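[1] everything below, folded, please.
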Amino acid sequence: MKKINYAKELNPAQLEAVESIDGPHLVIAGAGSGKTRTLVYRVAYLVEHGIKPEEILLLTFTRKAAEEMLRRASLILDERCSRVSGGTFHSFANSILRKYAKLVGISHNFTILDRADSEDAVNLIRTQLGFNKKDKRFPRKKALMEVISGSINRAKTLEEILYDEYPQFVEWAKEIEEVRKEYNKYKHAKSLLDYDDLLIYFKNLLVEHEAVRSQLARKYKYIMVDEYQDTNKLQAYIVSLLSAEHKNILVVGDDSQSIYSFRGANFKNIMDFPSIFKGTKVITLEENYRSTQAILDMTNEVISFAEEKYPKKLFTQKQGGKPPVFVEVKDENSQSKYIVDKILELREEGMELNEMAVLFRSGWHSHDLEIELANRNIPFAKYGGQKFVEAAHIKDVIAHLRIAYNILDQVSWYRALLLMRGVGTKTAEKLVTDIITQNKGLSLDEKMLGRIEDLDSLFKILKGIDKNKDKPVSLIRAFLKYYQPLLKEKYDDFNKRLNDLDSLERIASRYETLEKFLTDMALEPPERSIIEAGAKDKDDSCLTLSTIHSAKGLEWRTVFLIYAAEGHLPSYLSLEDNDALEEERRLLYVAVTRAKENLFVLKPHIDRSARSYFDDNASVFTRVSRFLEEGNILNKFFDLESPQYEADERADFTDPLEGRSAPDREFMDMLKDYFRYENY
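    Presented below is the predicted three-dimensional model:
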C-alpha cells in the first residue's frame, strides 16, 4: 500500500495542519500559501491513518472545488479518498433534507428555486397583494428578494436590513413582512425550497431533532471547511452544530480575503472561531508560492494597517523580482492606452495574453479599456457577466422540466404559458388557477386545449412523460421540438441561442434522473454562457478583465489594477461605514496578491466620470487610495511612473464660435432648439 512522505511534500506549517487530527483547528492560510494542497494532503493523511472515508466531511463553496480536492487526494494516496463526502453547504443540506424532510414538515420531493425563480415568485405575491398599485414606489421583486434573503444570511431583522441598506423602503416594512409570510406559505404549499430554505430547514433539523444531529455527528466524525471567511452566520452555526459532540473540526481561510459581505459572508466567523471552540489550535501558513518578495513586502504592509486581523507575514523562497509599479496617468483614456501598450510590449517579450489580467473594483471601470482593446484587436474575456442558467432561453426549457417534475410549480407554469402564442396574462392566470388551485392538473377542458394549439401540444408531451424513468436528455429533446418554433418567434438571435440549447442537452446527457439534473442546475449551474464566451480570436489566447470579487483564488504573471483612487477603491459607498471601509482594504489586498511577477497599479489624475450638481461634464482631480498612502507605502514599495501622453484631438479641440459675433451664437442655439432629438 502506498505511503506518503508528508514531511517531504509539505512545509512545516502545512505539515502541522495536516497532522492535526483531533479537536478544533483554525488554519489561517495567507494568499498563495498552498491552502488547497494542505486540505488535499490532510484528506489523504486521515484516510491513511485509519479513519474511514465515509466519516470525513469536506465542505467547500463550489462542488468543483470539492471534487478536485478529492480527485487529487485519490491520486496521491488511493481511491479510498474518493469516498469522502464532499460538496457545498447547499448540496449537503439538500442530501440530508431529502432523507429527513418529514421531520421538518416538508415533502422529500421538493423542487429547488434558483434566485431568478425566487424573484418571480415574490413578484407574483407582490401583485396578488396589490402592492404593485401603490401610489408611492413599492420595492420591485429584486429588491424585495435581497431584503428577505439578506435578513436570513446576515441574521438580522427585516427592519435592520431596510434601515441599513434600503432606507427609502423603511415605510413599507409591514408590507414587506407580509410579502415574506405569503412567500413562505406559497413555497410550502407548492413543495418549493429556495437556497436560503435549504440552510434554514437543515439548521432547524439539527436544532430540533437531537437524535438526528447525534446520528450525523457519529457519521461525520471529522469535518473540514474551506474558505471559512466566506461563510455566513447560518453556515457557521450549522458546522458548529454538526461538530458540537466531537469538536473534530478544521476550518481553513484567510481573514485578509474576506470580501463577500454583500452575499452575507460574516468576517466575524473566522475571527470568533477560537472563542466558540475553546482550545482551538491556530496554525498560520505564511510561505507564499505565487508572488515575488517585492510584491509580498508591499501586500504585507497594506494589510498590516487592518484594524482586526490574525498577524501574518508572507514570504517566498523565490529569488529576484521587480518592485510593483504605480502609474499616474492623465485620465481614463490615458490609463487604457498605457495598459494596451504595456500588454503589447509584454506579448512581444513572449508573455501570452492569458497570463495577464486587468482587475477593477466595479464593472463599469473597464468600459473605456474595452473600447481601446477592441480598437487594437486584442481579444479579451470579461468576468462577472450573466450565468448560463440565467439566459432567458435556458430558463424557458428548465421551466418545462420543472413542470414535468412538479406539476404544482406555479412560477414555471406562468413562464411556460406566457411563451405560448395567443396567451396573455389573464389567460395564463386562469389556466394556472384551473391546473393548480382547482387541482385539475392535466385534465383541462378539451375546448380550452382546442383553442390554444401550443397548450394542447405541451399537454400531450407532459402526459407521455414518466419523470421517474425518463432521462433528462430525452425530456429536453421532447420539449425542444415543441419549444424551437416559440424560440424563433421570441428571439431575433435564435440561431446563436440554439448553441446554448445544444450545450444544455450535452450537460443533461450526464444525468440519470430529472431530480439530480434540476438540483444541480439550481445549486451548481455552469458558469458562463456559450454566447458570451464564444467571441475569441482563434489564433490567440485571451486577456482577462475581471472584477476583484471574481478574481479571488486566481493568479496571473502580470496584473494591472486600475482606478486606485479614493471613491473608486475604496468605493465612495464605503466611506461612512468603518466595517465596509475595512473590507475595501481587503479587496485591495486580494487584487495585488493575484500577481506573480509584474504588478501595475494605475490612477487617472483627472476623473471625468465625476458629475456635479452644476455641471454634468465636470471633472475632478483624484487622490490616491488611502490604503497606499498609509505608512508611505507608495514611496517605499513602488516604482513611480507618470507617462505623458500627447493630447488627442478632443483635448485640442477649440470652440469654433469663439470670438464670433453674437448672431452666430444665436443662430446655432436656434438650430439646436429646432432640431430636438425627441422630434426623431
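
[2] enumerate every residue touching the closest residue to residue 402 other than its chain neighbours.
    Nearest residue to residue 402, sequence neighbours excluded (C-beta to C-beta, 6 or more residues apart in numbering): residue 412, at 4.2 Å. Using the backbone N, CA and C atoms, a C-beta is placed for each residue, glycine as well. Counting by C-beta atoms under 8 Å, 6 or more residues apart in numbering, residue 412 makes contact with 117, 399, 400, 402, 403, 406.

[3] so which of those residues sit within helices?
    117, 399, 400, 402, 403 (DSSP state H).

[4] which among those residues gets closest to residue 231?
    Lowest distance from residue 231 to the ones in helices among the contacts of residue 412 (C-beta to C-beta) belongs to residue 117, with 24.4 Å.

[5] quick one: that closest one and residue 411 touch, right?
    Yes. Taking C-beta atoms under 8 Å as the definition, residue 117 is a contact partner of residue 411 at 5.4 Å.

[6] where's residue 18, which helix or strand?
    Here residue 18 sits within helix 12-19, counting by DSSP states H and E.

[7] and for residue 635, the neighbour number?
    11 (other C-beta atoms under 10 Å).

[8] kindly apply the preceding question to residue 578 instead.
    The burial count for residue 578: 10, using other C-beta under 10 Å.

[9] mind putting the ones in helices among the contacts of residue 412 in TSV, neighbour count and distance to residue 550 included?
    TSV is the format used below for those (neighbours: other C-beta atoms under 10 Å; distance: C-beta to C-beta, whole Å):
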residue	neighbour count	distance to residue 550
117	22	23
399	22	28
400	24	31
402	26	29
403	25	33
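
[10] show me which pair in the residues you listed is furthest apart.
    Using C-beta to C-beta, these span at most 13.3 Å, a distance reached by 117 and 400.

[11] now the nearest residue to residue 380 once chain neighbours are set aside: phi and psi?
    In space, and not counting its chain neighbours, residue 380 is closest to residue 543: 4.2 Å by C-beta to C-beta, 6+ apart. Main-chain torsions, residue 543, degrees, to the nearest 10: phi -70, psi 140.

[12] which residues touch residue 543?
    Shown in contact with residue 543 (C-beta under 8 Å, 6+ apart): 343, 353, 354, 356, 357, 358, 373, 378, 379, 380, 381.

[13] so which of the residues you listed comes closest to residue 124?
    residue 381 (36.1 Å).

[14] now the closest residue in space to the closest one that isn't next to it in sequence: phi and psi?
    Leaving aside its sequence neighbours, residue 381 sits nearest to residue 542 (C-beta to C-beta, 6+ apart; 4.6 Å). Here is the backbone geometry of residue 542 (degrees, to the nearest 10): phi -110, psi 140.

[15] quick one on the thing from earlier: so the residue nearest to residue 402, which of the three states?
    When classified by DSSP: H, G, I helix; E, B strand; the rest coil, residue 412 comes out as helix.

[16] from residue 172, how far off is it?
    In this view, residue 412 and residue 172 are 28 Å apart by C-beta to C-beta, to the nearest Å.

[17] how far out from the middle of the chain is the longest strand along the chain?
    Selection of the longest strand in the chain by residue count, based on DSSP state E, yields strand 595-604. Distance of strand 595-604 from its chain centroid, counting by C-alpha atoms, centre = their mean, to the nearest Å, is 24 Å.

[18] just the CA trace of that strand, in PDB.
    Extracted C-alpha coordinates of strand 595-604, given in PDB (Å, rounded to 0.1, in the frame of the first residue of the first chain):
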ATOM      1  CA  ALA A 595       0.200  39.000  -9.300                       C
ATOM      2  CA  LYS A 596       3.100  36.500  -9.700                       C
ATOM      3  CA  GLU A 597       5.800  38.600 -11.400                       C
ATOM      4  CA  ASN A 598       4.500  42.100 -12.600                       C
ATOM      5  CA  LEU A 599       2.100  44.300 -10.800                       C
ATOM      6  CA  PHE A 600       1.000  47.700 -12.200                       C
ATOM      7  CA  VAL A 601      -1.300  49.900 -10.100                       C
ATOM      8  CA  LEU A 602      -2.800  52.800 -12.100                       C
ATOM      9  CA  LYS A 603      -4.600  56.000 -11.100                       C
ATOM     10  CA  PRO A 604      -6.000  58.600 -13.500                       C
END
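
[19] run the chain-centre distance for the next helix or strand after it.
    Towards the C-terminus, the helix or strand next in line after strand 595-604, according to DSSP H and E, is strand 606-607. Taking C-alpha atoms, centre = their mean, one finds the center of strand 606-607 at 30 Å from the center of the full chain.
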